[in-house]
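Student: Below is the sequence, then the predicted model.
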Amino acid sequence: MTAATAGVGHRPPVRIVHLGLGAFHRAHQAWYTERTGDGWGIAAFTGRSPEAAEQLAAQDGLYTLVERAADGDRHQLITAVVEAHDGADLQTLSGLLASPDTAVVTLTITEAGYRLASDSHDDGAGPRLDGADPLVAGDVAALRAHGIGGVTTDGAGPENVDGTRVRTAAGRLVVGLAARRAAGAGPLAVVPCDNLPANDAAARAALLGTARLVDAELADWIEATVSFVGTSIDRITPRTTDADRSSVAAATGFADAVPVVTEPFSSWILAGDFPAGRPAWEHAGAVFVRDLEPFERRKLWLLNGAHSLLAYAGQLRGHATVAEALADPAVAGWVEDFWNAAERHLTAPELDVPAYRAALRERFANPRIAHHLAQIGNDGSLKLAARALPVYRAERDAGRDGAAALRPVAAWMDQMTAQVTAGIPIADPSADRIDTAVDTGRSGTGQTDTDQTAALLAVVDPALARDEQTVAAVAALRAGSRTTVRR
Ligand SMILES: NC(=O)c1ccc[n+]([C@@H]2O[C@H](COP(=O)([O-])OP(=O)(O)OC[C@H]3O[C@@H](n4cnc5c(N)ncnc54)[C@H](O)[C@@H]3O)[C@@H](O)[C@H]2O)c1
Ligand SMILES: O=P(O)(O)OC[C@@H](O)[C@@H](O)[C@H](O)[C@H](O)CO
């Protein structure tokens, strides 16, 4: 499929730069921008490998979005992504950010992509860049050695000591924003669209943290000029499969290498300033609010928290997808218990939690969306801290035991233990620490299951791991569920 074969004429100019060209960006921000129809084009960069950009560029950025409802598929051609590039192409990124036409930078780089210190939430001071992270340290060293403006016209530029380009999203943005500053192109808005609390603060911490380690003047300029917009983003979008590609080809007649399959539901709630303008996303259903936090909590706790519970408890009970796990009465009961606990702390009337829960039951049960538990279970050490433990803390503060909110954590521990034991790789930035923690409880070490529970909890939340009552409660849940696990 190309623009010519698809009958697509004039394409809009680039006004949005996106980092993290994955399925979700194409199902969500690109879809909203397309629906708005006011002529904003997107230049999207991959995160870690050029493949997705090469595939999309070969189709002139065009792809099919499949809205997969319980009763059928609806196909739509998306034209809003007008350029697709390898994320390592700093020259193109710098050129686009140096243009005053570019007004917005969106991000879907995963929670792990922000490279934040895992104990950030302990001191209450907000998110903080992990300067000791090897990728961050490598980028900082490269940028110091070569200079931020060292991107040459042939695309060569600041390279890490091992010869690879700047690799973190924040490092790349720092290079691009230096070019923008030098060109006098003015302010812009950074709009993170990843599932983490206060994602505006996370993006700010990553970007300013990196800039401060490299060039204090540039950091001051970013602080004064760049706006960080908080978002709550929602649209269940599983990884595209070969079967999806075949069904799209059969339905549309186009051999699309990178279609995206998503649910009909979509939500985008935003709070913050757009100093250089933005598409009228509200015309496509986005909602702009002053206070994002209640909406963000509702989504992260009820949807993503339940997803994590389903991912670990579901896999332990032999299920592969969300719909399958939810059809298991034991798992569904644990989800309802978790939601009951969370709902007690989601009291703003505009949240309408009963309706939100009813919609979630229906969305999760969509039998035609095969959302794999293994994909959702990735990076659990980061996700649980934001999606389950805040509910536990709120319950404890209210004088209750909060056990229902510890179940996702207990299930994660059992799933991690099962994976390590079976030699199944763990996709998590703390995989090595998880491995070591699982070993804590092995026979012959003289340590107990409780020691293992404490060691695993320390990977997720070091402060809670020092609380004996919490460790005992998680250990009790693990012991209780082992008797019901079907292998
Ligand atoms: N898929 C969904 O249902 C959904 C819904 C809401 C929000 N999100 C958010 O979007 C993110 C991406 O989801 P997706 O479905 O597009 O996944 P995906 O695997 O299709 O794409 C992930 C993208 O992030 C990039 N990336 C991965 N790790 C990175 C890193 N460490 N640094 C920089 N970039 C990195 C990848 O290269 C890729 O471009 C999620 O992690 C989540 O925060 C996803
Ligand atoms: O995308 P993640 O990895 O942050 O979380 C996995 C899922 O819970 C998530 O993708 C949801 O499907 C999504 O947040 C729905 O809007």
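Tutor: Looks like it arrived, so ask away. Numbers count the residues shown, from 1 in each chain. Ligands and ions are numbered 1, 2, ... in the order given.
Student: rest of the way, CA atoms for contacts and neighbours
Tutor: Noted.
Student: tell me the phi and psi of the nearest residue to Phe274 once chain neighbours are set aside?
Tutor: For Phe274, ignoring the flanking residues on the chain, the nearest one in space by C-alpha to C-alpha, 6 or more residues apart in numbering is Ala189 at 5.3 Å. Torsion angles at Ala189 (phi, psi; degrees, to the nearest 10) stand at phi -110, psi 140.
Student: who are the neighbours of the one helix or strand Ala341 maps to, in terms of helices and strands?
Tutor: Using DSSP states H and E, Ala341 falls within helix 329-343. Applying 3 or more C-alpha pairs under 8 Å, 6 or more residues apart in numbering; DSSP states H and E, one finds that helix 329-343 contacts helix 306-316, helix 322-326, helix 389-397, helix 403-422.
Student: want to throw those into JSON lines with distance to Pro462?
Tutor: Formatted as JSON lines, the helices and strands packed on helix 329-343 follow (distance: least, C-alpha to C-alpha, whole Å):
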{"stretch": "helix 306-316", "distance to Pro462": "20"}
{"stretch": "helix 322-326", "distance to Pro462": "30"}
{"stretch": "helix 389-397", "distance to Pro462": "12"}
{"stretch": "helix 403-422", "distance to Pro462": "14"}
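Student: Can you tell me which of these is most buried?
Tutor: helix 306-316 (a mean of 27; mean count of other C-alpha atoms under 10 Å).
Student: Would you mark the buried spots in the helix or strand containing Ala358?
Tutor: Per DSSP H and E, Ala358 falls inside helix 353-365. For helix 353-365, the neighbour count (16 or more other C-alpha atoms under 10 Å) marks 353, 357, 361, 363-365 as buried.
Student: all strands for the chain, in order.
Tutor: In the chain, the strands defined using DSSP state E lie at 14-19, 41-45, 63-69, 72-78, 81-85, 104-107, 188-192, 226-228, 230-234, 260-262, 267-271, 287-288.
Student: Closest residue of this structure to ligand 2?
Tutor: Asp234 (3.2 Å; C-alpha to the nearest ligand atom).
Student: near ligand 2, which residues of the stretch 301-450 of the chain?
Tutor: 304, 307, 376 (C-alpha under 6 Å from any ligand atom).
Student: Which of those sits closest to Phe45?
Tutor: For those, the closest approach to Phe45 (C-alpha to C-alpha) belongs to Ile376, at 23.0 Å.
Student: ok, back up a step: JSON lines for the helices and strands packed on helix 329-343, including mean pLDDT?
Tutor: JSON lines is the format used below for those (pLDDT from 0 to 100):
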{"stretch": "helix 306-316", "mean pLDDT": "98"}
{"stretch": "helix 322-326", "mean pLDDT": "97"}
{"stretch": "helix 389-397", "mean pLDDT": "98"}
{"stretch": "helix 403-422", "mean pLDDT": "97"}
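Student: So which of these is nearest Asp435?
Tutor: Closest to Asp435 of the helices and strands packed on helix 329-343, according to C-alpha to C-alpha: helix 403-422, at 6.5 Å.
Student: Contacts for the closest one, please.
Tutor: By C-alpha atoms under 8 Å, 6 or more residues apart in numbering, the list of residues contacting helix 403-422 from outside reads 305-306, 308-310, 312-313, 315-316, 334, 337-338, 341-342, 380, 384, 388-389, 391-392, 425-426, 434-435, 438, 453, 456, 473-475, 477-478.
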